[in-house]
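Novice: sequence unknown, structure follows:
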């Protein structure tokens, strides 16, 4: 999965590999499957939802940790963090496209979130589904994404408020 860094680009250089120690799904996918709570980190989910004031109108986010054995293979060679998989490229990642996101401060809340010394490092669009479904099926998975500043630089920064005409 290749992820863009969006608002988090200042923390990374282009081409850097971001290892998703924890994948966050904003799509609600795992909520449709039996056993969801068995593979998710419920404590960080609750802390994140409290910190952001998560709206009841949005799908409940899920947090899945990568496989611990696979994680060891990446220690010290990549940037480790928490990756959000957003169900879209615009408002789910805080972008304005002539429409204001329901929570224009969500990205600022995401950036300020810390849990047990960890923070959210990047957005992408499919890693949480892969990590979550693999965990539910008893497989081992760990999402990694090469960062790209070029892709995100062509779009307004996620927390940028702009008026677009057209």
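Specialist: Structure's in. What do you need? Remember, it's a predicted structure, so these values are computed and weren't measured experimentally.
Novice: just the strands in the chain please.
Specialist: Taking DSSP state E, the strands of the chain run over residues 17-25, 62-65, 79-85, 114-115, 118-124, 144-146.
Novice: so the third one versus strand 118-124, what angle?
Specialist: Strand 79-85 and strand 118-124 are oriented at 60 degrees to each other (axes from the mean of the first three to the mean of the last three Cα atoms, to 10 degrees).
Novice: re earlier: quick one, which of the strands of the chain is nearest to residue 134?
Specialist: strand 62-65 (8.6 Å; Cβ to Cβ). The C-beta positions use only the backbone N, C-alpha and C, and glycine is treated the same way.
Novice: what's in contact with the closest one?
Specialist: 21-25, 28-31, 36, 39-41, 44-45, 48, 82, 128, 131-132, 135 (Cβ atoms under 8 Å, 6 or more residues apart in numbering).
Novice: rerun at 6 Å
Specialist: Applying Cβ atoms under 6 Å, 6 or more residues apart in numbering, the set of residues contacting strand 62-65 from outside is 22-25, 30, 39-41, 44-45, 131-132, 135.
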